[in-house]
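Engineer: Sharing a model that was predicted from the sequence below.
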Amino acid sequence: MSGGTPVAGGYMRQRHSQGGYASGNEDLEDDACSRLQPFSPSAPRTKTWTEILEIVLWVGSALFIIYFGDRHSNLIYILWHDERIRRMPLYLGLVGIGLNAAIFFYTSMLSWSVRRFDEKWELLSITALPFLTLLGLVSFCLLCFALWPIWGFLSLPLLFTLFMAGLVVYPHIMIDRLRPQDDFFRID
């Protein structure tokens, strides 16, 4: 702890330079700006061409599924108008997917920026992960059951492809203003 100079009514804090920054067992209280931040965000690494190819394949196959549907009409029209679909499992599965996305969105982006936490969301909300996993599996099973009369066994890879396309697209739709600000310029 740095000493102080007596003034009228108490001590005044002074900054003393002792030769170098962070050398030995010096007191780093006065030069807090020069300390390395342990949770500073790292620079994003560039993707290799194989990772880009995988992303393009997942998104392309999901767009193919959505556009061509069952070869007669697209997936959106089938979900809204086809009589073969079991409606109650479809609606419950879609509500589960929406709830899963909302919880995932909250835990990954909003809790970082609104509360100004520096920890990663995996450490912050570890209790939400089993609930998200169970909700995702139940939603997947409900959607498979609802879409089975149309595609049969192909419902499994169809839903898995749509899920994987959502996973590779999600990191690219993050809103920059919701990310935490870097505290590089501190005024003590």
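Structural biologist: Nice, thanks for sending it over. All of these numbers come straight from a predicted model, not from anything done at the bench.

Engineer: Show the residue spans covered by the helices in the chain.
Structural biologist: 49-68, 75-81, 87-105, 111-114, 121-124, 128-151, 155-169 (DSSP state H).

Engineer: Same list (those helices) but as CSV, adding mean pLDDT and mean neighbour count.
Structural biologist: Where C-beta positions appear, they are placed from N, C-alpha and C, glycine not excepted. Below are the helices of the chain laid out as CSV (pLDDT from 0 to 100; neighbours: other C-beta atoms under 10 Å):
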stretch, mean pLDDT, mean neighbour count
helix 49-68, 90, 13
helix 75-81, 87, 13
helix 87-105, 91, 15
helix 111-114, 58, 15
helix 121-124, 55, 13
helix 128-151, 92, 16
helix 155-169, 90, 16
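
Engineer: Touching stretch 126-137 from outside, list them.
Structural biologist: Contacts to stretch 126-137, defined as C-beta atoms under 8 Å, 6 or more residues apart in numbering, come from residues 96-97, 99-100, 103-104, 107, 122.

Engineer: one more time with 6 Å
Structural biologist: 96, 100, 103, 107 (C-beta atoms under 6 Å, 6 or more residues apart in numbering).

Engineer: Nearest to T46 among those residues?
Structural biologist: Nearest to T46 out of the contacts of stretch 126-137 is T107 (C-beta to C-beta; 27.2 Å).

Engineer: Any idea how many residues pack against that closest one?
Structural biologist: Using other C-beta atoms under 10 Å, the number of residues around T107 comes to 19.

Engineer: Compute the distance between it and G96, please.
Structural biologist: Relative to G96, T107 is positioned 16 Å away (C-beta to C-beta, to the nearest Å).

Engineer: ditto for I66
Structural biologist: 20 Å.

Engineer: Same question for V59.
Structural biologist: Distance of V59 to G96, computed by C-beta to C-beta: 23 Å.

Engineer: Look up the closest residue to F68, ignoring the ones flanking it.
Structural biologist: N74 (6.9 Å; C-beta to C-beta, 6 or more residues apart in numbering).

Engineer: for L156, same thing?
Structural biologist: L156's closest residue in space is C144 (C-beta to C-beta, 6+ apart), at 6.2 Å.
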